[in-house]
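Visitor: need a structure here:
(2 chains)
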Amino acid sequence: MPVDKTPAKSLRIERRARRARAVTITVDGRAIAAQLGDSVAAAMLAAGEQIFRTSPRAGTPRGPFCFMGSCQECAVRIDGVVVPACGVPVSDGLVVERVAIDDR
Amino acid sequence: MTARFEAIVIGGGPAGMAASVTIAAAGHSVLLVDEAAAPGGQVYRATFPGLDAGPVQGDADRRLGDAWRARLRGSAVQVASEHVVWEVGEGFRVSALGSNGSVSWRARALVAATGTTERVVPFKGWTTPGVFGLAGATVMLKAQMTLPGQNVVVAGVGPLLAAVAYKIVTSGGRVAAIVDLSSASDWLGRLPAMATRPDLLARGLMWMARLLRAGVPFHRRSTISAVHGAARVEAVDIVPVDGDRRPIPGRQPISMPCDALVIGHGLVPQTDVTGLLGALHRFEVARGGWIAERDGNFETTIPGLFIAGDGGGIFGAAAATAQGELAGHAVSRHLSGHSTAGEIGRLRRQLRRAQRFGGAMAELMALRDGQVDAITADCVVCRCEDVTRAEIDAAVDAGATDVNQMKAWTRCGMGPCQGRSCGDVAAAIVGLRVGGRVVAGKFTVRPPIRPLPIGKLTGRFDYADIPIPKPAPL
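Guide: Below you'll find the predicted structure:
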């Protein structure tokens, strides 16, 4: 597929937007470049991280879906608490961990 | 110590902001509780600090949102942002979880302005990462300035299709196709109602003109039957539907390559607060589903409990604002016993116009039986617990007569979202089999009404902290 060979364009909308500064978060130990004002979900998606968890019964991959804090598909662990990543703003050095099925 | 207010408003969207500002202007103490970092709800959602979305010219939603936030700041309304309401009790005790744990407040009057959740009717592959809700996509695009993908299919029903596609195209993304369940005549038939709000109609036409100029293909009276790709979206299948929105059998699907799908099938009112307090509800398909009964003053069957905005039936943001202001006046009358100034007539006229427009859009988005029929047996309905349609049907075959029995037997609706995503569609599936939605009922509301980490409620403790009483002597 030719789509795969095109250089990766950013999902961040640059037109008109002004972002205060770049920050770094880590997701399962991997450093991810983010921008202040991103939600954790938006920062992960922009970094190409689409899979946030696997479903508990069928084990299928899941990512952000409702983007309103309702569906819980983007739930991750931040500061020891499982929260929807779409509602948490990034901050420099924020540590994010995916939640394994068994330790919800 | 429980802080007391004369009124509490739950939900900081258009209805909640308008209601609380109106109540405060009449001289009553009022608390607005909202789970987001800043008021605005979904339609007027504010960006997080650090992100400036640029000039507001030409973006009516942002202008209105900023204007209402400014009115709130200039009012005596006390705002509790980042507080998730998890229980509401009689005498109007409201419990919410904030950064300092759970807090409770009391009030003589309560306004539920809790808005909606989006309905997405399941189809093959809809749980694949890269499939997003249509309403969620508006939040991604407007509040987080992030594209759902580089090449996006926008599908479903209602005015959000054009709104989202327009935003993607003008933000540097590509829309591979718009797939609309409605036909051109569905839209044309609603033109008279839409003409009651020339501003909103003009905005819609501007979106359409821009999309046509961009060469975006429109597939009308069509739906998405499948997503291809295991861990990410690679393509979707587009199939035509009949007048009841049922895929027409025997038609070859059109395969459309894309890297994201945004899809939504209307909105469902959130009735958790009115449900928990035992207000009377009725089912009305054109208003989005189950809604609380309310009188002309937006008061429910529980005295002192008011409901404003789309949580009381879908009419859209413009109507929600007018409802919020009118409900605010009604709350003030309820508290003081005397009526407020003469802007009621103007607000009621404004509301009538907005409701004609919003009502027509809600009818366009209302769920049809054909959409429910089209859900295949192996399709996951409850995303949290991976419960398929076949399992729901099997529960009905085994004797389940309503959604709560079905839930107990299948775990459908028991996952972290508590049935918020699947509840409406699961009830529609059961309803087809048991004689309608009223018979099928709705999931019983129990606290906590929002998902929350239980550790935050209880605080940290371990086994040694649990008091174990000495056994009684024999």
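Visitor: checking the residue in chain A that chain B sits nearest to next. Helix, strand or coil?
Guide: Relative to chain B, the nearest point of chain A is A:Gly37 (2.4 Å; CB to the nearest CB). C-beta: built from backbone N, CA, C; applies to glycine. Assigned with DSSP: H, G, I helix; E, B strand; the rest coil, A:Gly37 falls in the coil class.
Visitor: state the pLDDT value of it.
Guide: A:Gly37 is assigned 94 on the pLDDT scale.
Visitor: count of neighbours near it?
Guide: Neighbour count for A:Gly37, taken as other CB atoms under 10 Å in any protein chain shown: 26.
Visitor: right, and it touches B:Ala53 too?
Guide: No: in this structure, A:Gly37 is not within contact of B:Ala53 by CB atoms under 8 Å, at 9.1 Å.
Visitor: what touches both of these two?
Guide: Common neighbours of A:Gly37 and B:Ala53, using CB atoms under 8 Å, 6 or more residues apart in numbering or on different chains, are B:47, B:145.
Visitor: list the contacts for the residue of chain A closest to chain B?
Guide: Neighbouring residues of A:Gly37 by CB under 8 Å, 6+ apart: A:19-20, A:89, B:47-52, B:144-145.
Visitor: over to B:Met365?
Guide: Contacts of B:Met365 were listed using CB under 8 Å, 6+ apart, and they are B:157-158, B:265-267, B:288, B:314.
Visitor: same deal with B:Thr223?
Guide: Contacts of B:Thr223 by CB under 8 Å, 6+ apart are B:123, B:155, B:179, B:181, B:238-239, B:241, B:245, B:247, B:371, B:374.
Visitor: ok and the residue in chain B nearest chain A?
Guide: Counting by CB to the nearest CB, chain B gets nearest chain A through B:Leu51, at 2.4 Å.
Visitor: beta partners of that residue?
Guide: Taking DSSP bridges as the rule, B:Leu51 bridges to A:Arg19.
Visitor: can you read off the pLDDT for it?
Guide: We have a pLDDT of 94 for B:Leu51.
Visitor: for B:Ala362, helix, strand, or coil?
Guide: At B:Ala362 the chain is in helix, as set by three-state DSSP.
Visitor: doesn't B:Gly316 make contact with it?
Guide: Yes: look at B:Ala362 against B:Gly316 with CB under 8 Å: they come within range, at 7.4 Å.
Visitor: how about the residues of the stretch 351-474 of chain B that lie near chain A?
Guide: B:380, B:383-386, B:415-417, B:420-421, B:451, B:453, B:455-456 (CB under 8 Å from any CB of the partner chain).
Visitor: now the residues you listed in a markdown table, with secondary structure and neighbour count?
Guide: Converted to a markdown table, these look like this (DSSP: H, G, I helix; E, B strand; the rest coil; neighbours: other CB atoms under 10 Å in any protein chain shown):
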| residue | secondary structure | neighbour count |
| --- | --- | --- |
| B:Val380 | strand | 23 |
| B:Arg383 | coil | 24 |
| B:Cys384 | coil | 26 |
| B:Glu385 | coil | 23 |
| B:Asp386 | coil | 19 |
| B:Gly415 | coil | 23 |
| B:Pro416 | coil | 18 |
| B:Cys417 | coil | 26 |
| B:Arg420 | coil | 26 |
| B:Ser421 | coil | 29 |
| B:Pro451 | coil | 22 |
| B:Pro453 | coil | 13 |
| B:Gly455 | helix | 12 |
| B:Lys456 | helix | 17 |
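Visitor: output these as CSV; include the columns distance to A:Leu45.
Guide: Shown next, in CSV, are these (distance: CB to CB, whole Å):
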residue, distance to A:Leu45
B:Val380, 22
B:Arg383, 18
B:Cys384, 21
B:Glu385, 25
B:Asp386, 23
B:Gly415, 23
B:Pro416, 20
B:Cys417, 20
B:Arg420, 22
B:Ser421, 19
B:Pro451, 21
B:Pro453, 23
B:Gly455, 28
B:Lys456, 27
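Visitor: from B:Thr301, how far out is B:Thr116?
Guide: 21 Å (CB to CB, to the nearest Å).
Visitor: neighbour-wise, which of the two wins?
Guide: Neighbours per residue, other CB under 10 Å: of B:Thr116 and B:Thr301, the larger number sits with B:Thr116, 25 against 15.
Visitor: and for the residue nearest to B:Gln270 when sequence neighbours are not counted, the neighbour number?
Guide: In this structure, B:Gln270 finds its nearest non-sequential neighbour in B:Thr114, 4.4 Å apart by CB to CB, 6 or more residues apart in numbering or on different chains. B:Thr114 has 28 neighbouring residues, counting by other CB under 10 Å.
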